[in-house]
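J.: Okay, sequence plus prediction incoming.
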Amino acid sequence: MEYLEMLNKVEQWAKDRNLDTVEARTQYTKLIEEQGELLLAMMGNNVNGESGVKDSLGDYQVTLIIYCLIRGINLKKQVEQEGNFWTGYDDLAQELKDRDSFDVNKLAVHLVCGSSRIISAYNTNRLKALEHLSVERTMVCLHDIAKEYGTSLEETLEMAYNEIKDRKGKMINGVFVKEADLNGKN
């Protein structure tokens, strides 16, 4: 499935559950939780398992898309205009691999820096363009991680969407709580 189609589905899923109305810091906290799961999966070389790299890449994207929706960062428009903009640095990444100076651990550091810039721009009331640029850089990092683990942003976002599309739950103090967690099944 094309990325734009998945992005539209995730945005609609979030709107249907009023996730686009939560406070941005609350959503950012969820983003960092997913980032932690991704980094743990990378450190443990857990690619396909539960909370593995593929699963975590998808979950990270879902939380980032919702954050963008909350903040009015029009990721959809950018994808409509530029396509998969995150592939723009593929030649550089390949060149670094060819020179043996490509390191997935450095990608993890760049990911943490990128997500830190997102909230820093928000907290300091900087121009939304700076926050948007930080989201772009984060997407590039996610793409590079996906490529390193033999997958793509499209594949992992589709996996995540298929996992959440029928998920029910309710908002409690501005946080969406899954029905399974409400019933003590998780």
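T.: Cool, the structure landed.

J.: Pull out the buried residues from the host helix or strand of residue 142.
T.: If you go by DSSP states H and E, residue 142 is part of helix 128-148. Buried residues in helix 128-148, counted by 16 or more other CB atoms under 10 Å: 131-148. In this view, the C-beta of every residue, glycine as well, is placed from N, C-alpha and C.

J.: Distance check, the spatially most central residue of the chain against residue 42.
T.: With distances taken as CA atoms, centre = their mean, residue 61 lies nearest the centre of the chain, 2.2 Å away. Separation of residue 61 from residue 42 (CB to CB, to the nearest Å): 15 Å.

J.: now residue 164
T.: Distance of residue 164 to residue 42, given as CB to CB: 22 Å.

J.: Likewise for residue 31?
T.: Residue 31 is 16 Å from residue 42, by CB to CB.

J.: that older thread, for residue 164 and residue 42, indicate the residue with more neighbours.
T.: The neighbour comparison of residue 164 against residue 42 (other CB atoms under 10 Å) goes to residue 42, with 22 against 18.

J.: That one should be in a strand, yeah?
T.: No - remark: residue 42 does not belong to a strand; assigned using DSSP: H, G, I helix; E, B strand; the rest coil, it is helix.

J.: thought it was touching residue 109?
T.: No - at 11.4 Å, residue 42 and residue 109 do not qualify as touching, with contact defined as CB atoms under 8 Å.

J.: which SSE is residue 177 in?
T.: Applying DSSP H and E, one finds residue 177 within strand 175-178.

J.: Now do the same for that strand: mean pLDDT, whole number.
T.: Taken as a whole, strand 175-178 carries a mean pLDDT of 78.

J.: After it, which helix or strand is next?
T.: Note on strand 175-178: by DSSP H and E, the next helix or strand toward the C-terminus is helix 179-182.

J.: CA atoms only for that following helix, dumped as PDB, please.
T.: Extracted C-alpha coordinates of helix 179-182, given in PDB (Å, rounded to 0.1, in the frame of the first residue of the first chain):
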ATOM      1  CA  GLU A 179      -9.900  -1.600  25.700                       C
ATOM      2  CA  ALA A 180      -7.700  -4.600  26.500                       C
ATOM      3  CA  ASP A 181      -5.800  -2.500  29.100                       C
ATOM      4  CA  LEU A 182      -9.100  -1.300  30.500                       C
END
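
J.: Check which helices and strands the helix or strand residue 122 falls within is in contact with.
T.: Secondary structure assignment for residue 122, by DSSP H and E: helix 104-123. Contacting helix 104-123 under the criterion 3 or more CB pairs under 8 Å, 6 or more residues apart in numbering; DSSP states H and E are the following elements: helix 24-43, helix 128-148.
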